[in-house]
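Peer 1: Structure for the following, please:
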Amino acid sequence: MAEHYVRPPIVAFEPPSPRTARWRFRLVVGLAFLVVLGALAFLLFNVLLSNNEGNPGLNPQGLPAGVQLVSEL
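Peer 2: Got it, this is the predicted structure:
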């Protein structure tokens, strides 16, 4: 049975330090937190604080946007 030769790396380099890994983790988690916070702010301003008096923007009669119904009494 032949041996499996593993060639050593041509250029040796130091493994990253645990301190660098900690700061990288903090940066990624902080950015993810800011993205979630931004999405919540977007929802707050566009859904909850919109001044459309509960109108979801849908037209229940299926009429074009410029047409208004005139009630005849």
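Peer 1: Can you pull out the low-pLDDT segments for the protein?
Peer 2: Residues of the chain that meet the criterion pLDDT under 70 lie in 1-2, 50-73.
Peer 1: switch the cut-off to 80
Peer 2: Across the chain, the ranges flagged by pLDDT under 80 are 1-2, 9, 12, 47-73.
Peer 1: Tell me which stretches of it form helices.
Peer 2: 18-43 (DSSP state H).
Peer 1: Distance check, residue 38 against residue 46.
Peer 2: For residue 38, the distance to residue 46 (C-beta to C-beta, to the nearest Å) stands at 12 Å. Placement of C-beta: from N, CA and C, glycine included.
Peer 1: nope, residue 34 is what I meant
Peer 2: 18 Å.
Peer 1: try residue 25
Peer 2: Taken as C-beta to C-beta, the spacing of residue 25 relative to residue 46 amounts to 32 Å.
Peer 1: same check, this time on residue 14
Peer 2: 48 Å.
Peer 1: neighbour count winner among the two?
Peer 2: Using other C-beta atoms under 10 Å, the more surrounded residue of residue 14 and residue 46 is residue 46, with 9 against 5.
Peer 1: So that one versus residue 37, what's the distance?
Peer 2: 15 Å.
Peer 1: got it, and residue 24?
Peer 2: Taking C-beta to C-beta, one finds residue 24 at 20 Å from residue 37.
Peer 1: Repeat that for residue 4.
Peer 2: Taken as C-beta to C-beta, the span from residue 4 to residue 37 is 51 Å.
Peer 1: Looking only at neighbour counts, state which of these two leads.
Peer 2: Neighbour count, other C-beta under 10 Å: between residue 4 and residue 37, residue 37 has more, with 10 against 5.
Peer 1: got a list of what the more buried one touches?
Peer 2: The contact partners of residue 37, by C-beta atoms under 8 Å, 6 or more residues apart in numbering, come to none.
Peer 1: Burial check on residue 18, number of neighbours?
Peer 2: Other residues close to residue 18 by other C-beta under 10 Å number 8.
Peer 1: what does the one 5 residues further on give?
Peer 2: Residues within reach of residue 23, counting by other C-beta under 10 Å, total 11.
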